[in-house]
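Engineer: Okay, here's the prediction I keep looking at, along with the sequence it came from:
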Amino acid sequence: TPATTLAYFGVDALIDDDTRDLQAAVRGFVDRRIRPEIATWYEQGRLPVRDLARELGELGVLGMHLSGYGCAGTSAVAYGLACFELEAGDSGLRSLVSVQGSLAMYAIWRFGSEEQKQQWLPRMAAGEAIGCFGLTEPDFGSDPAGMRTRARRDGDDWVLDGTKMWITNGSVADVAVVWARTDGGVRGFLVPAGTPGFTAPEITRKLSLRASVTSELVLDDVRLPADAMLPEAAGLSGPLTCLNEARFGIVFGALGAAHDCLETTIAYARSRQIFDKPLAAYQATQLKLADMGLELGKGMLLALQIGALKDAGTLDHRQISLGKLNSVREAIAIARECRAILGAAGITLDYPVIRHSANLESVLTYEGTSEVHQLIIGQVLTGHAAFK
Ligand code: FAD
């Protein structure tokens, strides 16, 4: 019997029993609930976010690495491995969980007042309330420091104006964490859905992350009470700290998509007869599979190292760049190579490979593009910042 790639690397020996059980529970959920439906959702360009959020809340993965307020308080590695399994299902599913737990909930958990935490976190952990995180603007993605969205004081109130773009879960969210420029620097605000002047039209015609809601956030004289501001986040370091949390999940998640592609492709190549033998028995196929397996396993070892550093409390955010760049870049290369090995069968939604490949185009771009992470790594290695 052939070995699966990660078993071949002996990865399980690096994961404790409880974490393995948790990972298996997430895998079971994805097998049962996501795999039978995902191709249809993808084709239709929709995701039943509300239903899934409640189920993911029951599973305990929403804000799972946070403590208190109904969150599970797991290790970082456990959260990473949950992301791996979710993204093996679809990057859209993992995005839902990343944005909810690592961006929206984390922002409130880390920077919110006690009242804000009590109001939102237990319901968000249960999947009864959905959050989104609005940082990117139409003209400012990689350079959020340029943001134009503004919050000005009017008496005790805040009044927000501006537009956010490419916001995951925007149209379905009950609360938007919106980052805006104030006279005192960048601050975060909690904007409940339905606040007058606030709309979140969905972005359509996507050919990547089709099973994910992506939206614009339009803020037109949105009046908020004084206590809508996150009191503990001052400056751009607030949103950037949240991004580090979500990037950490992607280090593992992208490898889940790659793993799904590779295992699918190995099974296909073993059963597909070409001339007089299985496709898997040709040297040319094996060279490709060996290289992809090696990259996947190496990527997983790097992810587990980054996870171990995070659990030890010594992770430097610049180390996450190593994992985000490597995992996503290798995952997309694996997905594309696997698609080719599947031949014509690889171009339909009957196999997950082209869906993962198209999804990973978004994952390559969001949470810091590859170039941005290369520049972060370049600065660590040389001492020179080359961003501008
Ligand atoms: P740009 O910043 O315009 O970059 C364009 C190109 O220029 C890229 O290749 C980039 O690498 C390159 N580049 C940029 N700077 C440099 C440099 N200094 N040197 C060399 N090259 C450079 N944002 C949110 O706030 N919340 C969300 O929930 C969210 N969800 C998203 C979901 C999807 C599906 C997508 C696609 C995006 C999402 N985003 C979200 C936005 C995402 O974070 C941005 O798209 C990302 O930061 C890149 O910004 P941009 O698209 O404006 O590209």
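Structural biologist: Happy to help now that I have it.

Engineer: Give me the phi and psi for the residue nearest to T204 when sequence neighbours are not counted.
Structural biologist: Counting by CB to CB, 6 or more residues apart in numbering, T204 lies nearest to G45, which is 7.2 Å off, once chain neighbours are set aside. To be clear about C-beta, it is placed using only N, CA and C from the backbone, and glycine gets the same treatment. Dihedral pair for G45: phi 70, psi 50, per degrees, to the nearest 10.

Engineer: cool, the one 10 residues further on as well?
Structural biologist: Backbone dihedrals for E55, given as degrees, to the nearest 10, come out at phi -70, psi -40.

Engineer: and the closest residue to it other than its chain neighbours, how many neighbours does it have?
Structural biologist: Once flanking residues are discounted, E55 sits nearest to R33: 6.5 Å by CB to CB, 6+ apart. R33: 17 surrounding residues under other CB atoms under 10 Å.

Engineer: if we can go back for a sec, quick check, the residue nearest to T204 in contact with S208.
Structural biologist: No. Under the criterion of CB atoms under 8 Å, G45 is not in contact with S208, lying 10.9 Å apart.

Engineer: What separation is there between the residue nearest to E55 and G146?
Structural biologist: 40 Å (CB to CB, to the nearest Å).

Engineer: what's the answer for A269, then?
Structural biologist: Distance, A269 to G146, using CB to CB: 48 Å.

Engineer: again, but for T241
Structural biologist: Distance from T241 to G146, by CB to CB: 19 Å.

Engineer: higher neighbour count, the two?
Structural biologist: T241 (15 against 11).

Engineer: Tell me who's in contact with that one.
Structural biologist: Applying CB atoms under 8 Å, 6 or more residues apart in numbering, we find T241 in contact with R110, A233, H317.

Engineer: run the last query once more with 6 Å
Structural biologist: Counting by CB atoms under 6 Å, 6 or more residues apart in numbering, T241 touches no other residue.

Engineer: what do you get for the one 5 residues further on?
Structural biologist: The neighbourhood of A246, defined by CB under 6 Å, 6+ apart, consists of S98, S102, L103, E367.

Engineer: Redo those as JSON lines? Include secondary structure and pLDDT.
Structural biologist: Formatted as JSON lines, these follow (DSSP: H, G, I helix; E, B strand; the rest coil; pLDDT from 0 to 100):
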{"residue": "S98", "secondary structure": "helix", "pLDDT": "98"}
{"residue": "S102", "secondary structure": "helix", "pLDDT": "97"}
{"residue": "L103", "secondary structure": "helix", "pLDDT": "98"}
{"residue": "E367", "secondary structure": "coil", "pLDDT": "96"}
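
Engineer: Go through those and say which is closest to G68.
Structural biologist: S102 (16.2 Å; CB to CB).

Engineer: Can you report how many residues lie near the closest one?
Structural biologist: Neighbour count of S102, defined by other CB under 10 Å: 27.

Engineer: And the one 4 residues further on, by the same measure?
Structural biologist: Residues near Y106, counting by other CB under 10 Å, number 26.

Engineer: try the one 10 residues further on
Structural biologist: Using other CB under 10 Å, Q116 has 20 neighbouring residues.

Engineer: Check the secondary structure at it for me.
Structural biologist: helix (DSSP: H, G, I helix; E, B strand; the rest coil).

Engineer: And for it, nearest residue in space, chain neighbours not counted?
Structural biologist: Of all residues not flanking Q116 in the chain, I108 sits nearest, at 5.6 Å (CB to CB, 6+ apart).

Engineer: does that neighbour belong to a helix or a strand, and which?
Structural biologist: helix 106-111 (DSSP states H and E).

Engineer: Averaged pLDDT, the helix or strand hosting T241. What do you get?
Structural biologist: Element membership for T241 (DSSP H and E) is helix 237-271. Per-residue pLDDT over helix 237-271 has a mean of 98.

Engineer: burial count for the residue of the stretch 51-200 of the chain found nearest the ligand?
Structural biologist: Distances between the stretch 51-200 of the chain and the ligand by CB to the nearest ligand atom are smallest at G141, namely 1.8 Å. Residues contacting G141 under the criterion other CB under 10 Å number 17.

Engineer: And for T1?
Structural biologist: There are 3 residues near T1, going by other CB under 10 Å.

Engineer: Quickly note the distance from it to D311.
Structural biologist: Counting by CB to CB, the gap from T1 to D311 is 34 Å.

Engineer: what does the stretch 1-150 of the chain have sitting close to the ligand?
Structural biologist: Residues of the stretch 1-150 of the chain lying close to the ligand (CB under 6 Å from any ligand atom) are V99, F133, G134, L135, T136, G141, S142.

Engineer: can you put those residues in CSV and add pLDDT and secondary structure?
Structural biologist: Listed next are those as CSV, based on pLDDT from 0 to 100; DSSP: H, G, I helix; E, B strand; the rest coil:
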residue, pLDDT, secondary structure
V99, 98, helix
F133, 98, strand
G134, 98, strand
L135, 98, coil
T136, 98, coil
G141, 97, coil
S142, 96, coil
